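J.: make a model of this:
(chains A and B, ligands or ions: 2)
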Amino acid sequence: MSDLTVDVAVVGAGPAGLAAAVAAAEAGAVVAVVDAGTQTGGQFWRHRPETGDADPDGHGHHDWNTFLDLRRRFRAGIAAGRVHHLPGLQVWMASKNDVDGFTLRTTRTVVGGEGVTPTVHAARLVLCPGGYDRQLPVPGWDLPGVMAAGGIQAFIKANGALPGKRFVVAGTGPFLLPVAANIAEAGGEVLAVLESSSLSKWFPHWKAAASVPGKALEGAEYAGIFARHRIPYKTRSIVTAVSGTDRVQTVSWAKADADGRAIPGTGGRYEDVDVIGFGWGFTPQMELPLSFGVQTRLDADGSLVAVVDERQESSVPGLFLAGEVTGVGGAVLAVLEGKAAGTAAADASAVVLPADVLPAKEAARRDRHRRFAQAMHQAHPVPHAWQEWLTPETLVCRCEEVPVSEVTQARSTLGAEDSRSLKSFTRVGMGWCQGRVCGFAGSCLGAGPGEPAAAASLASAAKRPLAVPVPISELASLND
Amino acid sequence: MSRASDVLVIGAGVIGAATAYFAARAGLSVTLVDQGLPASGTSSACEGNILVSDKELGPELELTRYSLSVWKGELAEHRHLWEFEAKGGIIVASQPSSLESLNRVMSVQRGFGVAVEELDPAALRKAEPHINPAALGGAYYPEDSQVQPMLVAAQLVRLATEAGAVFHAGVTVTGMMRDGDRVTGVRTSRGDFAAGNVVNCTGTWAGEIGALAGVNVPVMPRRGFVMVTEPLPPMVHHKVYAAEYIDNVGSSDAGLQASPVVEGTPGGTILIGSTRERVGFDRTVSTEALRRLAQNATGLFPFLSSVRAIRHYHGFRPYCPDHLPVIGHDDRAPGLWHAAGHEGAGIGLSVGTGKLLSQALTGQATDVDLTPFAPARFGALDPTPMEASR
Ligand SMILES: Cc1cc2nc3c(=O)[nH]c(=O)nc-3n(C[C@H](O)[C@H](O)[C@H](O)COP(=O)(O)OP(=O)(O)OC[C@H]3O[C@@H](n4cnc5c(N)ncnc54)[C@H](O)[C@@H]3O)c2cc1C
Ligand SMILES: Cc1cc2nc3c(=O)[nH]c(=O)nc-3n(C[C@H](O)[C@H](O)[C@H](O)COP(=O)(O)OP(=O)(O)OC[C@H]3O[C@@H](n4cnc5c(N)ncnc54)[C@H](O)[C@@H]3O)c2cc1C
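T.: Ligands and ions are numbered 1, 2, ... in the order given. A predicted model of the protein is given here:
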C-alpha cells in the first residue's frame, strides 16, 4: 500500500479514535485511521469477525448502539473518500517536523504479509491508543493461567469462547464486574471476585457517582448477573498467592486491612482454578505521546497521563489526545473526548473555540464522567501496602525473571531509586514487554515500601522509542 | 560534617566511579558527586565492549591493554558484579579489499603482541554458524571482553564507598573555588566542597566544567544509536563486527557512519551497534541510522532480517579532536585534573584510567605514561565555544 497524506491522522479505532475520526471527517477533513485491530471498536467494542450475514448483535457489550452509529458514520466517511481506514497496522514511530508535519511509520500487527506498509503524513494528529490492565506482582503470578482481567475479556470477545472453565477474578475497580459477567454469560464458572477495596470508600464520593446514572444501571445489571450465576463478590479481599505445579491450580486469598495488608487467619483457598484474572485499574499507553515530549501529570489513580486543554490539544501544537491517555475514565468519556479532539483537529486554522468542540450538554456530560472517574480512582486505589504481599522470590519482571530480592538489593546497595536505574542494574523491564507489565510495580519498588511511583520514574518506564516491535527487515528498507 | 577531602570527583559515570574507587583504595579521602544517580550519562547509553581488536598502534592501545590487565587482575575477584566475560571478538571481511586491510591490521597488531588468529571461511562458520555464507574470512581476538557498563559504574561507586569514599547523588557542580590560580574545591547546588584536588570526570560535559575553571577542554559529543532485538536462543556467540568498522573508529568525518557490532546478551536479546555521527546533542530519532544498522546487521547475519527489534537507544560519546582522552593534571589550573573524552572506549578504559590517576594523585610514577593524554596539549586558556548546546 502506498503512503498517504491527509489533514488529520488518528491512531486507534476504539471509542475515542472512532469518535475523533467521525468528527473530523464530518467537519470536512480528510482523515486516516491507523488501528492495530482488523476491525473498528478497540478494546471496549472488540467483537467477533464481522461477516456480512451474521453481524455481532452486541450481546455482552455496553453502548453497542453508540458503536453502530459511529461505525455507520465512519463507513459513510470511507464511502465519501474522506476516511482512509488502515486496519491491522501498528504505529511504531510517530514524529513531527516543520516541513512535513506529523509522520506515522507503520508495521503489521501480525507478522508476515507482502509489500511495504504505508507511511502516513498528516497536518494534525489525534492519538487514541487506549490502555491496558495494570498488573501487580503476587507470588506465583508467573504461572500459566494467570491473565490480565482484560485479557480474558478480549479472549471472549474475540473468540466467543473461554480460556478455561473455573475462574477467579481479582484486583480492584468496577472493571472487574464486566469481566466476571462476561465469563459467567459465556458459560464459565466464576469462583469469586476478590475486590481489595471496601465499597464504603465510595461514600465520600456519592455525589460524583450519582451524577452518572448510567453507571448505576450498569451496576444493577451486574448485580443481576452475579445473583443469577451465584458469583461471590468479596470486598476487602486479596490474593496472597497463586500456586500449581506447571500451571495455576490453587488461589490463596485473605481478608485485607484498610491498607491492603493480609489479615492472618482469614480467607482460604480456591482449588482447581484454570484461570485467574487480575486487574488493578489501567495503565494508559503513553509511549506515543511521550515520544513527542508532551507535558504529563500524575492522575488520581497513580497513572502517568498527558495534560490537554479543552480542545484535547496537548502541549505539542497540533497533537491532540483522547481516551485513556488523558486519564482513565471509561468508554463514554473516551467517545466525548474523541469527538472534541476530532472536531478541533479538523480545524486547520485553530479558530474553533474550546466551547464549540462539544455542545454544552455533552461538555457537561464529559465533566460529570471525569468527576466520576476521579471518584472511582479514589474508591479503588492500588492498596497502599501491596509490596508486603511479595516474597523475596516473587518475580517483578516476568520477561527477564527478576525476583524481588534483586530489586530490593539494587535499591539498598546501588541506590537504584527509579525505574531507569532499576532497569539498568537488574534488567527489570528490559525484556519482550519493555516494562508494559512491570513498569508500574518497578517504579513503586524503586520509590520504596508504601511509596507511590514518581512521575519521572513512570515516564522513563513508559518511554519506548519503538512503540511496538518491528521486523529488522522493515527497518532495513526504511525510506525517508 | 567536614567537607574537605583530598580528592573531589565530579561525575559518577564509569570514569568517575573508577577514579573514586582507586583513589579511595590508595588511601586518599574522596568525595564523589553527580548531578543524577550513578551511570546517568553516556555510561548508561552505550555498550560494554572492551576491545583490543579495533585499536591501532599507539597510546590508546597501550591504555587498553593496561586497563584489560586491571580488569583481569586486581579486579578479577569482582568480575561477577559487572558480568565480565572474555567472550572474544570476531572481525568479518566481506569484500576482498577489506580482507586485505584486515590482514594488514592483523600483522601490525601481532607485532605489538595482540593475540589474534586468522579465520578461514570454514573456521569462521564453525565459530559463528549463522554468519553470512558470503563472508570471505575473519580474525579472532580472544582478548576481546565485555562488561555490563551500568553495573560497572554502580558497583564501583559502592566499592568506593566501602573503601571510605563519600558519594552524593543529585549534586550539580556550578563553579570552582579558587585561591589565586589554584582550584581548591567546587561550588555546587548543595553548597561548597573544598578539596585538595578536583577531578573532572564528566564525559560530554567536561568542556563545561573546564570552562568553569577557565580552561579549554574540547570534549564534544558523537552520537551513536544501538538497536535491541527480541530475546532469542543463542545465535551469536562472539562480538562480531565488520572489517569496515576499524576505519570508522578513528574517523573525523561528521557524516553518519555505521558498522555493525552484533552480539548476544545474557538475557537473549541481541545488540546491534552502533552508528557514529556528529550532530551535537540532537536527540531526534534518525530513521537513517536505524536503516543503516538494520542493513549492516542483516548483512552479517541474514537470519536477523526476520527478527524483530524491540528497542533502540542512543548516547553521546565524549571525544576530543585528536580522538585521545584527556587524562591528568591540568597545569593551566593547578589542583584541577581531567579524565574525560574516552569516546567509544570509555567503558573498557575506565579502570585503567582510574588506576593511573590514583597513582598520579598520590605522586607515584604511573604504570603507563600519561603524557600523550595531557590536558595542556589543548594549549589555549580560553574555552572554545561548544559545538552545540545541550
Ligand atoms: C477488561 C476491560 C473492561 C472494561 N470494562 C469497561 C466498562 O465496563 N465500562 C467502561 O466504560 N469502560 C470499560 N473499559 C474501559 C474501556 O475499554 C476504555 O475506557 C475505552 O476502551 C477507552 O477507549 P480508547 O479509545 O481510549 O481505547 P481502546 O478501546 O483501548 O482503543 C485503542 C485502540 O488503539 C489501538 N492502538 C493502540 N496503540 C496503537 C498503535 N501504536 N498503533 C495502532 N493502533 C494502536 C488499539 O489496538 C485499539 O484498537 C474496560 C476495559 C477493559 C480492558
Ligand atoms: C552508542 C555507544 C556505544 C558505546 N559502546 C562502547 C563500548 O562498547 N565499549 C566502551 O568501552 N565504550 C563504549 N562507548 C563509550 C562509553 O560509553 C563512554 O566513553 C563512557 O561511558 C564515558 O564515561 P564517562 O564516565 O566519561 O561519562 P558519563 O557516563 O557521561 O558520566 C559523566 C557524569 O558526569 C555527570 N555530570 C556532568 N556534569 C555534571 C555537573 N556539573 N555536576 C555533577 N555531575 C555532572 C553526569 O551526570 C554523568 O553521570 C559507547 C558510547 C556510545 C554512545
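
J.: now the stretch 151-300 of chain B against chain A: closest residue?
T.: Here the residue of the stretch 151-300 of chain B nearest chain A is residue B:294; by Cβ to the nearest Cβ that distance is 3.7 Å. Using the backbone N, CA and C atoms, a C-beta is placed for each residue, glycine as well.

J.: for the stretch 151-300 of chain B, what lies in contact range of ligand 2?
T.: Neighbours of ligand 2 within the stretch 151-300 of chain B, by Cβ under 6 Å from any ligand atom: B:172-173, B:201-205, B:224, B:226, B:273-274.

J.: quick one: end-to-end length of stretch B:167-178, please.
T.: 23 Å (Cα to Cα, to the nearest Å).

J.: that older thread, dihedrals phi and psi, the residue of the stretch 151-300 of chain B closest to chain A?
T.: Dihedral angles of residue B:294 (phi, psi; degrees, to the nearest 10) stand at phi -60, psi -40.

J.: how about it, what does it touch?
T.: Under the criterion of Cβ atoms under 8 Å, 6 or more residues apart in numbering or on different chains, the neighbours of residue B:294 are A:472-473, A:475-476, A:478, B:227, B:272, B:309.

J.: give me that answer again for 10 Å
T.: A:470-478, B:227, B:258, B:260, B:272, B:304-305, B:309, B:312 (Cβ atoms under 10 Å, 6 or more residues apart in numbering or on different chains).

J.: for residue A:124, same thing?
T.: For residue A:124, the residues meeting the contact criterion (Cβ under 10 Å, 6+ apart) are A:6-10, A:24, A:29, A:31, A:101-102, A:313, A:317-320, A:341-342, A:344-348, A:350.

J.: what does residue B:343 give?
T.: Neighbours of residue B:343 in contact, by Cβ under 10 Å, 6+ apart: B:42, B:60, B:219-220, B:222, B:224, B:249-250, B:276, B:317-320, B:323-325, B:349.

J.: that older thread, ok, which of the residues of the stretch 151-300 of chain B next to ligand 2 also contact chain A?
T.: Near chain A, judged by Cβ under 10 Å from any Cβ of the partner chain, there are no entries from those.

J.: end-to-end on stretch A:460-467?
T.: Stretch A:460-467 stretches 14 Å from its first residue to its last (Cα to Cα).

J.: stretch B:272-287 now?
T.: Stretch B:272-287 stretches 15 Å from its first residue to its last (Cα to Cα).

J.: what is the mean pLDDT for that stretch?
T.: Computed over stretch B:272-287, the mean pLDDT rounds to 88.

J.: give me the pLDDT for residue 130.
T.: All of this refers to chain A. The score at residue A:130 is 97. That number is its pLDDT.

J.: wrong one, I was asking about chain B
T.: Reported pLDDT at residue B:130 in the predicted model: 97.

J.: separation between the residue nearest the centre of chain A and residue A:380?
T.: Closest to where the C-alpha atoms of chain A average out (Cα atoms, centre = their mean) is residue A:131, at 1.8 Å. Between residue A:131 and residue A:380 the distance is 15 Å, computed by Cβ to Cβ, to the nearest Å.

J.: how far is stretch B:314-325 from where the chain is centred?
T.: Using Cα atoms, centre = their mean, to the nearest Å, we find the averaged C-alpha position of stretch B:314-325 to lie 9 Å away from the chain's own average C-alpha position.
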